[in-house]
Each structure stands twice: as C-alpha cells, then as structure tokens.
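Give me coordinates for this.
(one chain, ligands or ions: 1)
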Amino acid sequence: MSRAYNFCAGPATLPEAVLKQAREEMLDWRGSGMSVMEMSHRSDEFVEIAETAERDFRDLAGVSDDYAVLFMQGGASSQFATIPLNLLGEKAGADYVNTGIWSKKAIAEASRYGEVNVVASGADSNFTSIPDQSTWNTRADAAYLHYTPNETIGGVEFDFIPETGDVPLVADFSSSILSRPLDVSRFGLIYAGAQKNIGPSGLVVVVVRKDLLGKARDITPTMMNYQVIADNGSMYNTPATYSWYLAGLVFQWLKTQGGVEGMGQLNERKARKLYDFIDRCDFYANPIEARCRSWMNVPFTLADDALNGAFLKGADERGLLNLKGHRSVGGMRASIYNALPEAGVDALIDYMANFAEERG
Ligand code: PMP
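All right, here's what the predicted structure looks like:
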C-alpha cells in the first residue's frame with residue numbers, strides 16, 4: 001500500500017525519507033550491532049546521535065551559544081508548569097496572551113504558581129484574530145510574557161513577534177517550530193512538543209537563554225529544573241532516546257530541503273493555495289482574519305454540517321486522512337506541517353472541489 005496523506009494535527013506525518021532511513025538503521029545502527037532503541041544513552045554512539053541532533057537544530061533554527069537547547073520529556077503540556085516554576089523567580093507573576101485553547105491551558109497551569117495577568121484575549125473575536133499589541137495591558141514587572149505563536153486547534157497564527165522590552169518573551173512553538181525563519185534572539189525561551197514538525201512524541205525541545213537559568217523555585221521537581229537538565233546535557237535521567245534520534249534524522253532531512261527558508265517558502269505556498277481555494281469556493285469557509293491565518297493548521301467548515309460524514313468518508317477512500325476537526329470546534333482541519341508534501345495539498349483541493357460540485 002502506498003502512503004496516505006496524513007493531515008493529523010499530531011502526532012503528524014513524518015518525511016518518508018526519514019522513515020526509510022530509520023527502517024534501514026533499525027536492526028543495526030551503522031555497524032553498532034544494535035538498534036538505537038537498545039543503546040545506552042551514555043554510549044559513544046548515542047552521545048554522537050544526540051550531539052549531532054542538537055548541532056543540526058541549532059544550525060537550522062539559528063540558535064546562538066547564548067542559549068541552552070534541552071531535549072526534555074513530558075510534552076509541551078509539562079512546560080506549562082515548568083516555565084513558571086523556573087522563570088517566576090522573585091517576581092509575583094507573569095503576563096500571558098490568550099489566543100485560544102492552548103494559551104488557556106498554559107494560563108490555567110501557570111495560575112497555580114503565580115499571578116497570571118492576561119494582557120489580551122482573542123475572545124472578543126471568538127478567537128479568529130490576534131489582538132493588536134497596542135491594546136495589550138502588559139506589566140513592566142512581569143517575570144516574562146508567554147504567548148502561543150500558532151494555535152493548533154483554532155488555526156490562528158501571530159503575524160508579528162511581540163515587543164516586550166526587558167521582559168523575557170516565552171513562546172509555545174509546538175505547532176510551528178522550524179516552519180519558517182525566526183529570529184530566536186528576540187526570545188527568552190521557546191519550546192515545542194516534537195510530534196508535529198520535529199519527530200515522534202515523547203520529546204519536547206526547549207531553547208532557553210542561559211541568563212534565565214538558575215532561578216527555579218525550591219519546590220521545582222529536579223526533572224523540571226532547566227539548570228539541572230542543561231548541566232547534564234539533557235541526560236540527568238534516561239532521555240527519550242529513539243525520539244531524539246528520529247528528531248535528528250528530521251533535522252538532517254530539513255537541511256536537504258533548504259532549511260527553514262526552504263520550508264517557509266513551501267509552507268506559504270501550500271497554505272496560500274488552500275486558503276485561496278476555500279475563499280473562492282462558497283461551499284467552504286474559514287473564519288480566521290486573513291493576516292493571522294495559520295500556515296500549519298487550516299480549519300474549515302462545509303456549507304452543510306450534515307455532509308461532514310460523507311466528506312470524511314470520501315476523503316478516507318482517497319487516502320486523505322485525519323481531516324476531522326478538533327472535537328471542541330467541529331468541522332474539518334487540515335494540518336499541513338513541513339513533512340506534508342505540496343502534492344497532498346493539491347490532492348486535498350482536488351477532492352474538495354469535486355465534493356463541492358457533486359454535493360454542494
Ligand atoms: N501547545 C500546542 C500549541 C499544541 O498544539 C499542543 C499539542 N497539540 C500542546 C501544547 C500540548 O502538547 P503535548 O501533547 O506534547 O503536551
């Protein structure tokens with residue numbers, strides 16, 4: 001069977017070339033006589049895999065030596081607690097921007113550790129837009145400002161990097177990391193769960209400016225203390241070795257695709273095609289304000305909800321999988337991450353056009 005186009009929001013499609021390489025290396029990684037899964041994380045072989053992955057990530061994302069890159073576990077959700085525990089320091093609280101479901105979860109968790117000041121909310125627009133920064137109610141004494149550059153469920157993406165002066169900027173890039181060029185030097189901390197643009201689940205990559213380390217509250221669990229993880233090369237305990245290895249293969253693949261510049265051009269083209277089609281065809285709709293439409297997650301509705309089942313069934317039959325929208329919003333959602341080929345978007349548009357013609 002040939003591979004389907006998998007539009008799942010995460011865990012998401014991986015580059016076929018990466019999966020083939022993993023298959024080739026499965027039983028015997030480069031003459032080591034064993035699979036990466038079976039290696040000690042302290043072995044020379046695995047340390048090489050780990051260091052190469054970090055180097056490639058730094059190259060791709062443009063991360064300088066002023067930052068530590070951590071390969072942690074517990075998914076992006078664990079970071080919702082890890083961040084306040086490490087960064088609040090002596091400060092009473094932090095600023096958060098609420099642009100949808102993932103920001104809300106980050107806010108709820110941070111509220112357990114400090115005062116959360118919600119500086120702006122997309123609620124007024126039913127989360128179809130990003131509030132203009134001139135309207136934000138920020139605090140100069142905030143420990144940091146947290147935002148979600150791409151809301152995976154709502155499909156709304158920032159078209160700017162917030163300006164926060166001396167307040168460190170913290171961002172949940174889970175669903176848009178490495179999808180286009182980014183000036184990392186604007187940030188205090190970036191984090192991303194792996195299972196969209198990086199690799200398999202079980203891994204969360206954290207990029208943290210070194211001057212922000214060492215301020216964790218005493219109650220911080222050791223495994224959540226950035227300083228401890230940084231001092232131990234992300235191997236204080238046994239890391240998610242196989243996910244780390246596969247992430248490394250994805251980074252190498254990204255380099256062959258023109259890096260984040262190449263990805264940015266491709267992703268913009270893919271997204272534009274799909275939104276243009278949705279806007280042209282009366283049968284489909286996307287509610288997000290044009291300037292903040294996500295390049296990664298494209299939610300859309302059909303003119304008649306009663307046709308959702310038939311739409312999904314026909315899509316499945318054509319190998320266009322996982323288009324059902326998140327349970328909280330309904331409708332459809334096409335996640336078109338780095339590894340989802342342009343031909344997949346073309347096939348989706350083709351199917352959508354046919355469906356609208358037959359059933360619309
Ligand atoms: N933040 C964002 C923006 C996400 O999309 C997700 C997962 N969909 C998470 C956080 C939570 O990630 P995890 O399941 O790795 O905890």
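
which residue sits closest to the residue of the chain found nearest the ligand, ignoring its sequence neighbours?
The minimum distance from the chain to the ligand, using C-beta to the nearest ligand atom, falls at G75 (2.7 Å). Every residue, glycine included, has its C-beta placed from N, CA and C. Leaving out its chain neighbours, the residue that sits closest to G75 by C-beta to C-beta, 6 or more residues apart in numbering is G193, at 5.0 Å.

repeat for F7
Distances taken as C-beta to C-beta, 6+ apart place A334 nearest to F7, at 4.6 Å, with adjacent residues excluded.

how much space between the nearest residue to S2 once chain neighbours are set aside and M352?
Excluding the flanking residues, the one nearest S2 by C-beta to C-beta, 6+ apart is G319, at 7.6 Å. Going from G319 to M352 by C-beta to C-beta, to the nearest Å gives 14 Å.

Which one's more surrounded, those two?
Of the pair G319 and M352, M352 is the one with more neighbours under other C-beta atoms under 10 Å, namely 25 against 15.

residues touching that one, list them.
277, 281, 284 (C-beta atoms under 8 Å, 6 or more residues apart in numbering).

Of these - the most surrounded one?
When neighbours are taken as other C-beta under 10 Å, the top entry among the contacts of M352 is Y284 (22 neighbours).

who are the neighbours in contact with it?
Contacts of Y284 (C-beta under 8 Å, 6+ apart): 277-278, 300-303, 352, 356.

same deal with N6?
N6 makes contact with 12-13, 321-322, 340, according to C-beta under 8 Å, 6+ apart.

returning to that earlier point: got a quick ChimeraX command for the buried subset of the contacts of Y284?
Only the buried entries of the contacts of Y284 go into this ChimeraX selection, using 16 or more other C-beta atoms under 10 Å:
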select :277,278,300,301,302,352,356
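
What about the contacts of Y284, which are in strands?
300-302 (DSSP state E).

interface residues of the stretch 51-200 of the chain facing the ligand?
75-77, 102, 148, 152, 172, 174-175, 193 (C-beta under 6 Å from any ligand atom).

Which ones among the residues you listed lie within strands?
Counted as lying in strands by DSSP E, out of those, are 172, 193.

quick one: contacts of stretch 36-53?
The list of residues contacting stretch 36-53 from outside it, by C-beta under 8 Å, 6+ apart, reads 25, 29-30, 32, 71, 233-235, 238-239, 241-242, 244-245, 247-248, 251.

Any chance of a PyMOL selection covering the buried ones in these?
Buried subset of the contacts of stretch 36-53, written as a PyMOL selection, criterion 16+ other C-beta under 10 Å:
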select buried, resi 29+71+233+234+235+239+241+242+244+245+247+248+251
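
Convert the C-alpha atoms of the strand or helix carrying A81 to CSV, please.
Per DSSP states H and E: A81 is located in helix 75-87. C-alpha atoms of helix 75-87 as CSV (Å, rounded to 0.1, in the frame of the first residue of the first chain):
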residue,chain,number,x,y,z
GLY,A,75,5.4,17.0,26.1
ALA,A,76,4.6,20.7,25.7
SER,A,77,2.0,20.4,28.4
SER,A,78,4.6,19.8,31.1
GLN,A,79,6.2,23.0,30.1
PHE,A,80,3.1,24.9,31.1
ALA,A,81,4.2,24.2,34.7
THR,A,82,7.9,24.0,34.2
ILE,A,83,8.1,27.6,32.8
PRO,A,84,6.6,29.4,35.8
LEU,A,85,8.5,27.2,38.3
ASN,A,86,11.8,28.1,36.6
LEU,A,87,11.2,31.7,35.5
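
In terms of secondary structure, what does that helix contact?
For helix 75-87, the packing partners by 3 or more C-beta pairs under 8 Å, 6 or more residues apart in numbering; DSSP states H and E come out as strand 67-72, helix 101-110, strand 169-172, strand 189-193, strand 204-209.
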